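*Asks:* Sequence and predicted structure below; questions after.
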Amino acid sequence: AQSVTQPDIHITVSEGASLELRCNYSYGATPYLFWYVQSPGQGLQLLLKYFSGDTLVQGIKGFEAEFKRSQSSFNLRKPSVHWSDAAEYFCAVAGGGADGLTFGKGTHLIIQP
Amino acid sequence: NAGVTQTPKFQVLKTGQSMTLQCAQDMNHEYMSWYRQDPGMGLRLIHYSVGAGITDQGEVPNGYNVSRSTTEDFPLRLLSAAPSQTSVYFCASSYTGDLYEQYFGPGTRLTVT
């Protein structure tokens, strides 16, 4: 069965600093990979996705992620964070069927002024 | 275009009571799903539907029923609520041609006492 690990439960970053959120997945074939963001009290919003092709994918709000098959990773990055980026971030994997996404447990991002 | 709507936003039930969480979308999406979100657990798939009249179980279906009589609506029924069903419930929808670009509703926070 597929699984997703987000090793960091909480991350604190200063405003204007760079950000990297880690995600490792387990899946037998080439996975479909996603990052979602959840602002407090809100539903989830898709930041970016990887299906195939270029391993560096660009998303909304200035985020990007890099798929590294050799490391089974799909880390999310942003060169300069803003206070509005404070939220919960979820990495997810799908196997190509209709049985939905498998989510990691999430990383809570705190932005220091 | 309201997107995915969920009602109610909050609900408190006593153990053994029944209720239905409502989900509706106005984007003509074929695929709809229900997830539950628990602290430190990420989101887990309860049930999903690939079209009207078709439903299937996800990772954690026990204690929940669904039906899909129209494309727009996908209600989730708790027949006999238990404290273990205290959670935040999210409904999501997508086109089957872009299965994983799911649009999430704002969630229903359910407490079972």
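*Replies:* The structure has been received and is ready for your questions. Numbering: from 1, shown residues only, chains lettered A, B, ... in the order given.

*Asks:* can we go C-alpha only for contacts and neighbour counts from here?
*Replies:* Fine.

*Asks:* does A:Phe34 have beta-bridge partners, and which?
*Replies:* Counting by DSSP bridges, A:Phe34 is bridged to A:Lys49, A:Ala92.

*Asks:* which phi and psi does residue 15 have?
*Replies:* In the absence of a named chain, chain A is used. phi -60, psi 130 (degrees, to the nearest 10).

*Asks:* wrong one, chain B
*Replies:* According to degrees, to the nearest 10, B:Thr15 has phi -50, psi 130.

*Asks:* Name the nearest residue to whichever residue of chain B sits closest to chain A, ignoring sequence neighbours.
*Replies:* Closest to chain A within chain B is B:Gly42: 3.9 Å, counting by C-alpha to the nearest C-alpha. Nearest residue to B:Gly42, sequence neighbours excluded (C-alpha to C-alpha, 6 or more residues apart in numbering or on different chains): A:Lys105, at 3.9 Å.

*Asks:* Quick one: mean pLDDT over the lengthiest strand in chain B.
*Replies:* The single longest strand within chain B, with elements called by DSSP state E, is strand B:42-51. Averaged across strand B:42-51, the pLDDT comes to 92.

*Asks:* so what's A:Ser10 bridging to?
*Replies:* One correction, residue A:10 is His, not Ser. Beta-bridge partners, per DSSP bridges, of A:His10: A:His108.

*Asks:* Look at it and say how many residues are nearby.
*Replies:* 12 (other C-alpha atoms under 10 Å in any protein chain shown).

*Asks:* for A:Gly104, same thing?
*Replies:* 25.

*Asks:* Each with direction, which strands does the helix or strand bottoming out on mean pLDDT in chain A pair with?
*Replies:* The helix or strand of chain A with the poorest confidence is strand A:102-103; it has a mean of 90 (mean pLDDT, DSSP states H and E). In the sheet, strand A:102-103 lines up against strand A:87-94 (antiparallel) (DSSP bridges).

*Asks:* Next, the buried residues of the strand it pairs with.
*Replies:* Using 16 or more other C-alpha atoms under 10 Å in any protein chain shown as the test for burial, strand A:87-94 gives A:87-94.

*Asks:* CA atoms of that strand as CSV?
*Replies:* Coordinates of each C-alpha in strand A:87-94 appear next as CSV, following Å, rounded to 0.1, in the frame of the first residue of the first chain:
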residue,chain,number,x,y,z
ALA,A,87,-0.7,27.1,7.5
GLU,A,88,-0.8,23.3,7.6
TYR,A,89,0.9,21.7,4.6
PHE,A,90,0.0,18.2,3.4
CYS,A,91,1.9,16.0,1.0
ALA,A,92,-0.2,13.3,-0.8
VAL,A,93,0.2,10.4,-3.2
ALA,A,94,-2.1,8.6,-5.5
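
*Asks:* and it, what's its mean pLDDT?
*Replies:* So the average pLDDT for strand A:87-94 ends up being 94.

*Asks:* before we move on, back to that, the longest strand of chain B: what's the following helix or strand?
*Replies:* Downstream of strand B:42-51, the next assigned helix or strand under DSSP states H and E is strand B:54-57.
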